[in-house]
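Participant: curious how this folds, go ahead:
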Amino acid sequence: KAAPLNLQLLRDFTAEKNLTYISIFNEFMSYNGNKNDFIIFQELSKYQYLSDFAIASNSFVFYENNMGTHTVDVIFTQLSKSNKARLLGWGNSEGDLVGTSSKYNISVVASDWSENLSQFYLLNQSKT
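Facilitator: Predicted coordinates for the structure are as follows:
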């Protein structure tokens, strides 16, 4: 169980050394992940920022230093199919991040230092 909240651990990706962002992303999508078309693009050193939003919005989290990688192409291509994808976070280079995201029709929200963003996400939820 995941301490201290006694959450059930569904899968430990850290134990599997041959996984890639692409294989994890494909598995995530196979479980209806990212249904709200958000991607969290966040450096590992800033994991505490945006993590609440990633959980609340069921968003995939990843980071690449180089926006020209095959990984970025595969993930951004999948996201761009919805025509409403949004990237939250920030990268090493504003020009590379915004330029690459724009090629895939993905909006960028500079939010790498955001905390408690999930409370605003919930404002858009309609009650049934």
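Participant: mind jotting down where the strands sit in the chain?
Facilitator: 38-41, 60-62, 86-89, 107-110 (DSSP state E).
Participant: a markdown table please, covering the ones you listed and showing mean pLDDT, mean neighbour count and distance to residue 80.
Facilitator: (C-beta placed from N, C-alpha, C; glycine too.) Converted to a markdown table, the strands of the chain look like this (pLDDT from 0 to 100; neighbours: other Cβ atoms under 10 Å; distance: least, Cβ to Cβ, whole Å):
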| stretch | mean pLDDT | mean neighbour count | distance to residue 80 |
| --- | --- | --- | --- |
| strand 38-41 | 87 | 24 | 11 |
| strand 60-62 | 87 | 20 | 14 |
| strand 86-89 | 89 | 23 | 11 |
| strand 107-110 | 90 | 15 | 11 |
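Participant: residue 24 is nearest to which of the ones you listed?
Facilitator: strand 60-62 (8.1 Å; Cβ to Cβ).
Participant: among the strands of the chain, which is nearest residue 10?
Facilitator: From the strands of the chain, taking Cβ to Cβ, the stretch that ends up closest is strand 60-62, at 15.2 Å.
Participant: packing partners for that closest one?
Facilitator: Counting contacts by 3 or more Cβ pairs under 8 Å, 6 or more residues apart in numbering; DSSP states H and E, strand 60-62 packs against helix 21-30, strand 38-41, helix 51-57, helix 70-80.
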